[in-house]
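J.: Quick check, what structure comes out for this input:
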Amino acid sequence: MATNRSTTTRRTLHYYWQVTRKHFGLFAALMASTFLFVALLSYGNPYVMSLVVDRVSTGSVESDQVFAVYGPYIAALIAINVLGQAASKLQDYTMYKLEIAAAHDLATMSFDALCNQSMSFHSNRFGGTLVSQTSKFMSAYQLLLETITFPFLPVICSVIFTCAILAPRVPVYVVILMALLVVYACVSYYMYKRILSLNEKAASAQNQLSGELSDSVANILAVKTSGREDYERALFDQANRQVVERDSKRMWASLARGIITACITVVIMSVVAVFIAGGNAWYGISAGTLVMMFTYTYTVTNQFNFINNGLQRFNRAFGDASGMTQTL
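T.: Residues are numbered from 1 along each chain as shown. Below is the predicted model of the structure:
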């Protein structure tokens, strides 16, 4: 079963990569704009502010010297925010364009695959289920793309920037922080693999429910003529109960993962609290660096909190895409 799931996931990624490769320029622009957005707004702003704090801590500045002393910092902050917002808008544009182009290609791919199937294939399957699988196959690509762009790429950027900026200043702290983040990532991935099968079962139940509803409504005249309302209702109720049961199992597994990773986050923030309180006394860390330590740690742990949601969305996307992937 695990091998079959892994094979289906790899094949889903294969089809999605075929589509993405056709529009690689948009994809590359999306990744680059996301990188710049995180670098400038999440890390550039606090870095300049830490320089301001260090300058303020060295002594007061006369009122007529404020712009002479702090002018370069003000200009840097304005430039960072202008460029960061421009990167944000480029991110939105490339995301929309890529999703629109990919939806067209995936719809064509699915339509061609279904048209090329045999009559026995179609006679053994609900038409409504095939329509639902096609729709979910297309929407799963958008879900994967958005999940990579928003939770996961910012997580990678946060780790890189946090290490690059803080490691030369507070190496001991960075080592401890990275070790805790590795534990966080390993726990999330382990529990992600456990939940993967639950998501595929939930997606299968959703497809079955959609198929029952679609076929009953599409053939309502035949249902009423034959007096099969109660029979169709029983089939629908059974499929509906199965959806509730499988969604509930997935919910409890996801909640358990969230509780464990939340405990790790509390440990990380406890460590940063200790370092900020004693950083100056123990290591002679400047006030500006302490500000950066707290801001960057808070940013990276917040990004890691989205890993749970991102992995859940990965699970849902691959589960939703599995039906059409098997047909393809």
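J.: Flag the shaky bits of this structure, pLDDT-wise.
T.: 1-6, 121-129, 196-201, 203-237, 308 (pLDDT under 70).
J.: Output the longest helix belonging to it.
T.: The longest helix of the chain (DSSP state H) is helix 229-283.
J.: From the contact counts, what lies against that helix?
T.: Here helix 229-283 touches helix 171-218, helix 287-327, going by 3 or more CB pairs under 8 Å, 6 or more residues apart in numbering; DSSP states H and E. C-beta coordinates here come from the backbone N, C-alpha and C atoms, glycine included.
J.: Who are the packing partners of the shortest one?
T.: Taking 3+ CB pairs under 8 Å, 6+ apart as contact, the helices and strands that helix 287-327 lies on are helix 2-22, helix 45-57, helix 66-115, helix 127-147, helix 153-166, helix 171-218, helix 229-283.
J.: looking at those, which is buried most?
T.: Sort the helices and strands packed on helix 287-327 by mean neighbour count, taking mean count of other CB atoms under 10 Å, and helix 127-147 sits at the top with a mean of 20.
J.: Ok, which of the helices and strands packed on helix 229-283 comes nearest Y43?
T.: Proximity to Y43, assessed across the helices and strands packed on helix 229-283 by CB to CB, is greatest for helix 287-327 (7.0 Å).
J.: that older thread, now the helices and strands packed on helix 229-283 as TSV including distance to A79?
T.: Rendered in TSV, the data for the helices and strands packed on helix 229-283 read as follows (distance: least, CB to CB, whole Å):
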stretch	distance to A79
helix 171-218	28
helix 287-327	19
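J.: K249 and V243, how far apart?
T.: Computed with CB to CB, to the nearest Å, the distance linking K249 and V243 is 11 Å.
J.: ignore the last one, D320
T.: When CB to CB is the yardstick, D320 and V243 sit 13 Å from each other.
J.: Excluding residues flanking it in the chain, which one is nearest T265?
T.: T301 (5.3 Å; CB to CB, 6 or more residues apart in numbering).
J.: what does F275 give?
T.: Spatial nearest neighbour of F275, excluding adjacent residues (CB to CB, 6+ apart): Y173 at 5.1 Å.
J.: Verify the stated contact: that neighbour with L166.
T.: Yes: with contact defined as CB atoms under 8 Å, Y173 and L166 form a contacting pair (6.8 Å).
J.: any common contacting residues for the two?
T.: By the contact definition CB atoms under 8 Å, 6 or more residues apart in numbering, Y173 and L166 are jointly contacted by M293.
J.: Restricting to C-alpha, output stretch 176-191 in PDB.
T.: C-alpha atoms of stretch 176-191 as PDB (Å, rounded to 0.1, in the frame of the first residue of the first chain):
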ATOM      1  CA  ILE A 176      21.100  25.500  19.400                       C
ATOM      2  CA  LEU A 177      18.300  27.100  17.300                       C
ATOM      3  CA  MET A 178      19.100  25.000  14.200                       C
ATOM      4  CA  ALA A 179      19.200  21.800  16.200                       C
ATOM      5  CA  LEU A 180      15.800  22.500  17.600                       C
ATOM      6  CA  LEU A 181      14.500  23.400  14.100                       C
ATOM      7  CA  VAL A 182      15.800  20.100  12.800                       C
ATOM      8  CA  VAL A 183      13.900  18.200  15.500                       C
ATOM      9  CA  TYR A 184      10.800  20.200  14.600                       C
ATOM     10  CA  ALA A 185      11.200  19.400  10.900                       C
ATOM     11  CA  CYS A 186      11.800  15.700  11.500                       C
ATOM     12  CA  VAL A 187       8.800  15.300  13.800                       C
ATOM     13  CA  SER A 188       6.600  17.100  11.200                       C
ATOM     14  CA  TYR A 189       7.800  14.900   8.400                       C
ATOM     15  CA  TYR A 190       7.400  11.700  10.400                       C
ATOM     16  CA  MET A 191       3.800  12.600  11.300                       C
END
